[in-house]
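Asks: take this sequence and fold it.
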Amino acid sequence: MNKDIRVRFAPSPTGPLHMGGVRTALFNYLFARKNNGTMILRIEDTDQKRFVPDAEEYIKNSLAWTGITFDEGVDNKGNFGSYKQSERKEIYQKYIKELIDNGKAYYAFDTPESLDKLRKEYESRKEVFMYNSATRNGLNNSLNLTKQEVEEKIKNGEKYVVRFKIPENKIVKLKDIIRGEMEVNSNTLDDKVLMKSDGLPTYHLANIVDDHLMKISHVIRGEEWLPSLPLHYLLYDAFGWEKPEFAHLPLILKPVGKGKLSKRDGAKMGFPVFPMEWKDEKTGEIYAGYKEDGYFPESFVNLLALLGWNPGTEQEVFTMDELIQIFDLSRVNKSGAKFDPEKAKWFQHQHLQRKSTDELTELFLPILNEKLGYNVQGKAITDYTKKVIELLKERATFVKDFWELGQFFYQAPEIYDKKAMKKAWKENTVELMKEVVKLLENINDFEAKNIKEKLSEWINNREIGFGKVMQPLRLALVGGLKGPDLFEIMEMLGKTEVLKRIERLIVNA
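Replies: Predicted structure coming up:
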């Protein structure tokens, strides 16, 4: 690519950042980094009615957690600020005036009530009302008023919006990196509002002006903006500006049924759709986040990257750096990508397996302290925990799983699994366990290999089935018929603790 690559992620602080929004940010980021480009964070906060306090901070924190970084924008230095649209009002007014002066836009004084009445009239005739070349000449706007009448209305404080004057019967030829070439007749478009009655621009004007002034080379955004592409093309033409290249990403679809993935799907099916936990201040509802649910940021990024994009190889597990090296917009799919919560867990499991024992130990120790109710620290407990993690790692998906899978390494079982008890504890089990206690007492070198050798020899000599001994033994040590290699568990617990647990079960059985 010859031109300087400049892309932007431009969220609106109207609520939490959906995982679809994070994916848009990610694809922009990967594209920028792959092409040595510039990544910009711009906050599009012109919708004051839907503005949500703390949403901007949530967006920034979420992106920081994923590892998506910015070169310019809010909180960064840059030569194209402000990067917050609410602070660029005068800029938009300048360009609105330019469009009006050039006959490309006009003042519209129609009240919401009068427009609603018109829509109902059209509906009664089974028609759809559109504010466009077919209707605008008969409506309350500056196309049908004298300059003096317009000035009087504005002077008297009449509310108005500014609408774009869509050219009549023009074939608009569009190009999208993902979807190819398209054509739209301008008669199918309506004269969109460019500036609202509060004096703030709509998305359509603000994003065009900002993208031009910030020298954005590629607009990579969600599929929901594809219907707006003809309007945006016409706006670029109206200003006489060079257009950026466009790429509209496919929707992330719900796991079951049809339609776009929503927060309700997550709440209903028990999985997060937001990167971080979000509390709705109006309703008090708390929505789960991938971070709080125990996902690694790299797992979350990996699963997002493969929603609607494929690398062209069999590889599925990637680091951010690997994604940057291989990412290509031409491999983004046109069709929607169905989200699979189980696949999300699979990615998490894969990334956990990649982590070192030291790193997992560091992450697990705070959880261990919380579960035990006191702080464990020092080399001995750290080394012990490393061994625990090495034994359990293959079975774990989340760091918190190490407690669920290996609680017995730190606490003797207080209750025993009923089904396991029924299966493992027979009439002669007490006598067998008493003999096992005697055998173990006489093993001086209490290592897994030695314990296995001595116990196996004894079982074979007695001609007892292994299950008759091993199952109740595991039950005594673990509390159920689960866990890693039993002899490794015995070595870890030590002779004194092993004997204590067996004797306790003998008493309580």
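
Asks: list the contacts of residue 400.
Replies: Residue 400 is in contact with 294, 367, counting by CB atoms under 8 Å, 6 or more residues apart in numbering. All C-beta atoms are positioned from the backbone trio N, CA, C, and that covers glycine.

Asks: what's the mean pLDDT across stretch 383-391?
Replies: Across stretch 383-391, pLDDT averages out at 97.

Asks: for stretch 490-504, that is, sorry about that
Replies: When pLDDT is averaged over stretch 490-504, the result is 97.

Asks: contacts for it next, please.
Replies: Under the contact criterion CB under 8 Å, 6+ apart, stretch 490-504 has outside partners 384, 387-388, 391, 409, 412-413, 433, 436-437, 440-441, 443, 446-448, 451, 473, 476-477.

Asks: now it: buried residues?
Replies: Residues of stretch 490-504 classed as buried: 490-493, 498-499, 501-502 (neighbour count, 16 or more other CB atoms under 10 Å).

Asks: equivalent analysis for stretch 140-150, please.
Replies: Buried residues in stretch 140-150, defined by neighbour count with 16+ other CB under 10 Å: 140-143, 145, 150.

Asks: distance-wise, check the residue lying closest to residue 484 once chain neighbours are set aside relative to residue 57.
Replies: For residue 484, the nearest residue in space outside its immediate sequence neighbours is residue 391; the separation is 4.4 Å by CB to CB, 6 or more residues apart in numbering. When distances are taken as CB to CB, to the nearest Å, residue 391 and residue 57 turn out to be 41 Å apart.

Asks: does the residue nearest to residue 484 touch residue 448 like I think?
Replies: No: in this structure, residue 391 sits apart from residue 448 without contact. The criterion is CB atoms under 8 Å, and the distance is 10.5 Å.

Asks: shared neighbours of the two, which are they?
Replies: Once CB under 8 Å, 6+ apart is applied, the residues that residue 391 and residue 448 both contact turn out to be 485, 488.

Asks: now the residue nearest to residue 484: which helix or strand?
Replies: Using DSSP states H and E, the secondary-structure element containing residue 391 is helix 379-392.

Asks: so how far is that helix off the chain centroid?
Replies: 32 Å (CA atoms, centre = their mean, to the nearest Å).

Asks: so which elements touch that helix?
Replies: When contacts are defined as 3 or more CB pairs under 8 Å, 6 or more residues apart in numbering; DSSP states H and E, helix 379-392 sits against helix 357-372, helix 401-406, helix 486-493.

Asks: how about the ones you listed, which one is nearest residue 345?
Replies: With CB to CB, the closest approach to residue 345 among the helices and strands packed on helix 379-392 belongs to helix 401-406: 10.7 Å.

Asks: what comes into contact with the helix or strand bottoming out on mean pLDDT in the chain?
Replies: Ranked by mean pLDDT, DSSP states H and E, the helix or strand of the chain with the weakest confidence is helix 263-269, at a mean of 90. The list of residues contacting helix 263-269 from outside it, by CB under 8 Å, 6+ apart, reads 18, 254-256, 272-274, 285, 287-288, 341.

Asks: dump the residues you listed to TSV, plus secondary structure.
Replies: Below are these laid out as TSV (DSSP: H, G, I helix; E, B strand; the rest coil):
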residue	secondary structure
18	coil
254	coil
255	coil
256	coil
272	coil
273	coil
274	strand
285	coil
287	strand
288	coil
341	helix
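
Asks: and those, which are buried?
Replies: Of all those considered here, the ones buried according to neighbour count by 16+ other CB under 10 Å are 18, 254, 272-274, 287-288, 341.

Asks: just the closest of those residues to residue 27, please.
Replies: Taking CB to CB as the measure, residue 27 sits nearest to residue 18 out of the buried ones among the contacts of helix 263-269, at 14.4 Å.

Asks: residue contacts, the residue nearest to the closest one when sequence neighbours are not counted?
Replies: With sequence-adjacent residues excluded and distances taken as CB to CB, 6+ apart, residue 18 is closest to residue 273, at 6.1 Å. The neighbours of residue 273, taking CB under 8 Å, 6+ apart as the test, are 18-19, 261-263, 265-266, 287.

Asks: switch the cut-off to 7 Å
Replies: For residue 273, the residues meeting the contact criterion (CB atoms under 7 Å, 6 or more residues apart in numbering) are 18-19, 261, 263, 265-266.

Asks: most surrounded residue in those?
Replies: Counting neighbours by other CB atoms under 10 Å, the top entry in these is residue 19, with 26 neighbours.

Asks: how close does it sit to residue 303?
Replies: Distance, residue 19 to residue 303, by CB to CB: 9 Å.

Asks: before we move on, what about residue 131?
Replies: Look at residue 131 and residue 303: by CB to CB, they are 42 Å apart.

Asks: more neighbours: which of these two?
Replies: Counting neighbours by other CB under 10 Å for residue 131 and for residue 303 shows that residue 303 has the greater number, 24 against 20.

Asks: torsion angles phi and psi at residue 247?
Replies: Main-chain torsions, residue 247, degrees, to the nearest 10: phi -140, psi 120.

Asks: picking up where we left off before, need the buried residues of stretch 140-150 in CSV with pLDDT, can you?
Replies: Output for the buried residues of stretch 140-150, formatted as CSV (pLDDT from 0 to 100):
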residue, pLDDT
140, 97
141, 98
142, 97
143, 97
145, 96
150, 97
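
Asks: give me the pLDDT for the residue lying closest to residue 408 once chain neighbours are set aside.
Replies: With CB to CB, 6+ apart as the measure, residue 478 is the residue that lies nearest to residue 408, at 4.7 Å, once sequence neighbours are left out. pLDDT, residue 478: 97.

Asks: sorry, back to before: and the helices and strands packed on helix 379-392 as TSV, adding distance to residue 135?
Replies: Written out in TSV, the entries for these read as follows (distance: least, CB to CB, whole Å):
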stretch	distance to residue 135
helix 357-372	62
helix 401-406	62
helix 486-493	79
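
Asks: residue 309: which of these is closest?
Replies: Evaluated with CB to CB, the helices and strands packed on helix 379-392 place helix 357-372 nearest to residue 309, the distance being 28.0 Å.

Asks: contacts for the closest one, please.
Replies: If you take CB under 7 Å, 6+ apart as the criterion, helix 357-372 is touched by 375-376, 382, 385-386, 389-390, 399-400, 402-403, 410.

Asks: same question for stretch 315-333.
Replies: Applying CB under 7 Å, 6+ apart, the contact partners of stretch 315-333 are 30-31, 33-34, 67, 177-178, 247, 249-250, 298, 301-302, 305-306, 308-312, 350.

Asks: try stretch 432-439
Replies: By CB under 7 Å, 6+ apart, the surrounding residues in contact with stretch 432-439 are 454-455, 458, 468-469, 472-473, 499, 502-503, 506.

Asks: apply 8 Å and report the result again.
Replies: Residues from elsewhere that reach stretch 432-439 (CB under 8 Å, 6+ apart): 454-455, 458, 464, 468-469, 472-473, 476, 499, 502-503, 505-506.
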